[in-house]
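A.B. asks: Can you look at this prediction? I've put the sequence above it.
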Number of protein chains: 2
Amino acid sequence: MSLAHTNTHPSAPATGVTAPAGFSAAGVPAGLKSTGKNDVVVVQNLGPNFTAAGVFTSNRVAAAPVHWSRQVIADGRVDAVLLNSGGANACTGAEGFGNTHRSAEHVAQLLNISAGDVAVASTGLIGVQLPMDKLLSGASEAVSALAGDQNASDQAAAGIMTTDTVPKLTSRLVGDSTTGQVIIGGMAKGAGMLAPALATMLVVLTTDAVLSAEQLDSALRSATAMSFDRADSDGCMSTNDTVLLLASGASGITPDIAEFTAALTDACQELAAKLIEDAEGADHTIAIRTFNAATEADALEVSKAVSRSNLVKTAIFGKDPNWGRVLSEVGTTKAAFEPDELNVAINGVWVCKNGGVGEDRELVSLEDRNVSIDIDLNAGSEEATVLTNDLTHDYVHENSAYSS
Amino acid sequence: MSLAHTNTHPSAPATGVTAPAGFSAAGVPAGLKSTGKNDVVVVQNLGPNFTAAGVFTSNRVAAAPVHWSRQVIADGRVDAVLLNSGGANACTGAEGFGNTHRSAEHVAQLLNISAGDVAVASTGLIGVQLPMDKLLSGASEAVSALAGDQNASDQAAAGIMTTDTVPKLTSRLVGDSTTGQVIIGGMAKGAGMLAPALATMLVVLTTDAVLSAEQLDSALRSATAMSFDRADSDGCMSTNDTVLLLASGASGITPDIAEFTAALTDACQELAAKLIEDAEGADHTIAIRTFNAATEADALEVSKAVSRSNLVKTAIFGKDPNWGRVLSEVGTTKAAFEPDELNVAINGVWVCKNGGVGEDRELVSLEDRNVSIDIDLNAGSEEATVLTNDLTHDYVHENSAYSS
């Protein structure tokens, strides 16, 4: 995936979860964050359809809201989502699950829907019970503030931020004037602990397309596999990762599913790139592309291994085009390659050729934020790219000082 | 393994590679290091036996000396070892392998032995050819300086240091006055890039026991599996890791093999602990013990996963007893456990009980260098301990400034 994305349509729609027809949202400050910033968010699907799909952390120590939302999504219907920052509700036992249940019931009553159709997502410190009085009154306030305009999208995106420095929103148009157009909107948070198979990352995607829960599930799994699963900030996987896709059907249009999946994938790649660009304490965004691999799995294994190397990541922070550390990491994988046929380019300079010294490393500039590492396995024609960051003093500072 | 080791015998022998009878060694400055410190080392086995075993990096991008020494060790005989710091001779192609061959021939000529019995080990920057004139004249000087005293052991141990701050030596006695005693000696380097399955780590172990190459191989594999394979500084695996065990037979005694293996394991655990204690930029040495596991493999998987978490490592640096990050990492493994039956102690305080909040985390002091994390899987009776460090500003500094 590339590092920069822009809306491809000239008349780009509003962005965020309220961009598609049939959705309202709100984000309010409820006092869960000590900063007084937005921390409770509600997103409501106004229909006429309520199909939905979800992808959750594969961490076996999953937070209460993950357990809850997996149940909610099982029947393919979600009417509303309650999200909060300022507390992960993970490792909180039966009381924590009861609190998630109670908060879903609360929102359901206010919206006159079933609690079994209210998904919940939380992010923040692990091992602490949520302050339920604040959460519930915040949820009430958010429901009162529900709106379908751009400000509602912005407030909602702000409300799920933790150490993120900027809110992250996206939108895509699918189709043309002949077929009719549907819209995809979305928001994401997650400025650290990003890892393949998802990581402290909350994402809500919305669309006004008419699609079944099965179609949404298939499109979402395909999109996340090519985006969030290939963004790895620090190799750590969270207890709370949640990606939800809700469809209102308000456009009355069923898009071509391949075209919809491609646009959804593109939107997810934009959000994934924004997450990596805003990762805790990073100076560089590094795109690690492995190509000429025997299989895509090989390419992915190599890119992921390199993306997890603290030695590669500190070298990039130090503006050191240290291809030896890249090769050393490639050597730990099971991918098909011959060591003396490996080529590595850093920012386009082939510093390693045939497993040895290549072009002059002095030609490599690592001043820019964006860095590319290209690894030629010389073993086939498949490729995969993984995004990661450098490992910096600020990363150490933020993660030694911020309890999460 | 425990963090502190002392020689268990009251009349502890001299330490290092010349502690056993039948060995001489030397370390000299040859100008490979810009600091002018020792950088070329020779260890000679004076016999009467010349049996040997070796364990090497599993990195497929292995350095030239690793390829060479694997061939040397294949027949179970090693007469001498040439080691250098100041250059890894990795990713150096046919020229690099030729240089290793040439340096072995050089030492062989000087000692009047076969080049095929001269093992070579190198450490330092990857992707740079060794300055052969300096290396060969250094080898000549080292051969001239070969001696069997404590100073020879000390000079040799100093000569393999890179970013190590202290030389690392060990020795053990095996047997008693009835059976007769044999001695194990050893030295190690490797202050960064330590990882399971070995990592920029050079270790030479010597013994005056009478043991076959097969017995040495079995004992060495058992010892390294319980020591160096369970020391993981930063999850990175080097291209150059080499552990050699040479037996002179000069004692004339064949020890009980179980007793010998236990002593060798203990010696390797001491060296592994010393490597972790001296790892680049570390403030804390962390012993991660997983117990009550269904299998030893489960225990090892969990301890290794936690030892590789940058979030756990930065938390310990920040003196934050963040058990949520430990649980989150446990949840990424395939080990048998139920999330609500997990218990975690940090420095003896059970901050997590039954997957949730346990004793008051304020009771945990993380002021001392040594930290213990105990993870109770409640799923069996097996256990395993992995040593690692915290992730500090100094780690980032050293690894962004030092090219390796």
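C.D. replies: Yes, it's here.
A.B. asks: Get me the contact residues on the stretch 251-400 of chain A for chain B.
C.D. replies: For the stretch 251-400 of chain A, the contact set with chain B under C-beta under 8 Å from any C-beta of the partner chain comprises A:308-311, A:314-315, A:317-318, A:320, A:322-325, A:327-333, A:337, A:339-340, A:342, A:352, A:354-357, A:391-393, A:395-397, A:399-400. The C-beta positions use only the backbone N, C-alpha and C, and glycine is treated the same way.
A.B. asks: How about the contacts made by A:N45?
C.D. replies: Contacts of A:N45 were listed using C-beta atoms under 8 Å, 6 or more residues apart in numbering or on different chains, and they are A:G22, A:F23, A:A52, A:V78, A:D79, A:A80, A:T206, A:L246, A:A247, A:S248.
A.B. asks: Report the two of these separated the most.
C.D. replies: For these, the farthest-apart pair by C-beta to C-beta is A:A80 and A:A247; their separation is 13.8 Å.
A.B. asks: Just want to know which of those two has more residues nearby.
C.D. replies: It is A:A247, of A:A80 and A:A247, that has more neighbours when counted by other C-beta atoms under 10 Å in any protein chain shown, with 32 against 27.
A.B. asks: wait, that one sits on A:D217?
C.D. replies: No - using C-beta atoms under 8 Å as the test, A:A247 is too far from A:D217 to be in contact (11.0 Å).
A.B. asks: So the residue nearest to A:S140 when sequence neighbours are not counted versus chain B, what's the distance?
C.D. replies: Of all residues not flanking A:S140 in the chain, A:L110 sits nearest, at 6.3 Å (C-beta to C-beta, 6 or more residues apart in numbering or on different chains). A:L110 sits 29 Å away from chain B, going by C-beta to the nearest C-beta, to the nearest Å.
A.B. asks: go on, A:V41?
C.D. replies: Remark: distance between A:V41 and chain B (C-beta to the nearest C-beta) = 22 Å.
A.B. asks: Check A:K189 too.
C.D. replies: Look at A:K189 and chain B: by C-beta to the nearest C-beta, they are 17 Å apart.
A.B. asks: That residue pairs with what?
C.D. replies: With DSSP bridges as the criterion, the beta-bridge partners of A:K189 are A:L202.
A.B. asks: okay, now it: neighbour count?
C.D. replies: For A:K189, the neighbour count with other C-beta under 10 Å is 27.
A.B. asks: That one touches A:S85, doesn't it?
C.D. replies: Yes - taking C-beta under 8 Å as the definition, A:K189 is a contact partner of A:S85 at 7.2 Å.
A.B. asks: any residues in contact with both of the two?
C.D. replies: Counting by C-beta under 8 Å, 6+ apart, the shared contacts of A:K189 and A:S85 are A:T123, A:I160, A:M161, A:T162.
A.B. asks: which one of these has the most neighbours?
C.D. replies: The most neighbours of any of the shared contacts of A:K189 and A:S85, using other C-beta under 10 Å, belong to A:T123, which has 31 neighbours.
A.B. asks: Look up the pLDDT of that residue for me, please.
C.D. replies: In the predicted model, A:T123 carries a pLDDT score of 91.
A.B. asks: In contact with it, which residues?
C.D. replies: Taking C-beta under 8 Å, 6+ apart, we find A:T123 in contact with A:L83, A:N84, A:S85, A:G87, A:A88, A:I160, A:T162, A:K189, A:G190, A:T200, A:L202, A:N240.
A.B. asks: ok so, going back, most widely separated two among the shared contacts of A:K189 and A:S85?
C.D. replies: Greatest spacing in the shared contacts of A:K189 and A:S85, by C-beta to C-beta: A:T123 and A:M161 (9.0 Å).
A.B. asks: Determine the residues that are contacts of both of the two.
C.D. replies: A:S85, A:K189.
A.B. asks: helix/strand/coil for the residue nearest to A:S140?
C.D. replies: Three-state secondary structure (criterion: DSSP: H, G, I helix; E, B strand; the rest coil) places A:L110 in helix.
A.B. asks: I'd like the contacts of A:N45 as TSV, with pLDDT appended.
C.D. replies: What follows is the contacts of A:N45, written out as TSV (pLDDT from 0 to 100):
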residue	pLDDT
A:G22	98
A:F23	98
A:A52	98
A:V78	98
A:D79	98
A:A80	98
A:T206	98
A:L246	98
A:A247	98
A:S248	98
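A.B. asks: Can I get the buried part of those residues as one ChimeraX selection?
C.D. replies: Under the burial definition 16 or more other C-beta atoms under 10 Å in any protein chain shown, those of those that qualify are selected in ChimeraX by:
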select /A:22,23,52,78,79,80,206,246,247,248
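A.B. asks: in the stretch 101-250 of chain A, which spans are helices?
C.D. replies: Listed from the start of the chain, the stretch 101-250 of chain A has helices (DSSP state H, counting those that start in this stretch) covering A:132-145, A:150-159, A:213-225.
A.B. asks: Of those helices, which stretch is the most buried?
C.D. replies: Mean neighbour counts were taken over the helices of the stretch 101-250 of chain A using mean count of other C-beta atoms under 10 Å in any protein chain shown, and the top value, a mean of 24, falls to helix A:150-159.
A.B. asks: Average pLDDT for that one, rounded please.
C.D. replies: The pLDDT scores in helix A:150-159 average 97.
A.B. asks: now it against helix A:132-145, angle please.
C.D. replies: Angle between the axes of helix A:150-159 and helix A:132-145 is 160 degrees (criterion: axes from the mean of the first three to the mean of the last three C-alpha atoms, to 10 degrees).
A.B. asks: that older thread, kindly indicate which of the contacts of A:T123 lies nearest A:F56.
C.D. replies: For the contacts of A:T123, the residue nearest A:F56 by C-beta to C-beta is A:N240; the value is 8.9 Å.
A.B. asks: Contacts only, for the closest one.
C.D. replies: With the criterion set at C-beta under 8 Å, 6+ apart, A:N240 makes contact with A:57, A:62-63, A:65-66, A:88-90, A:121-123, A:200, A:202.
A.B. asks: A:V41 bridge partners, please.
C.D. replies: Each beta-bridge partner of A:V41 is listed here, defined by DSSP bridges: A:G27, A:L83.
A.B. asks: In chain A, which helix is the longest?
C.D. replies: Of all the segments assigned as helix in chain A under DSSP state H, the longest by residue count is helix A:257-277.
A.B. asks: would you put the C-alpha positions of the helix or strand just after it in PDB?
C.D. replies: Stepping forward along the backbone from helix A:257-277, the first helix or strand reached (DSSP states H and E) is strand A:285-293. What follows is strand A:285-293 as a C-alpha-only set of coordinates in PDB (Å, rounded to 0.1, in the frame of the first residue of the first chain):
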ATOM      1  CA  THR A 285       7.100   5.800   8.400                       C
ATOM      2  CA  ILE A 286       8.800   2.800   6.800                       C
ATOM      3  CA  ALA A 287       7.200   0.900   3.900                       C
ATOM      4  CA  ILE A 288       8.800  -2.500   3.700                       C
ATOM      5  CA  ARG A 289       8.100  -4.200   0.400                       C
ATOM      6  CA  THR A 290       9.300  -7.700  -0.300                       C
ATOM      7  CA  PHE A 291       9.000  -8.700  -4.000                       C
ATOM      8  CA  ASN A 292      10.000 -11.400  -6.400                       C
ATOM      9  CA  ALA A 293       8.900 -13.800  -3.700                       C
END
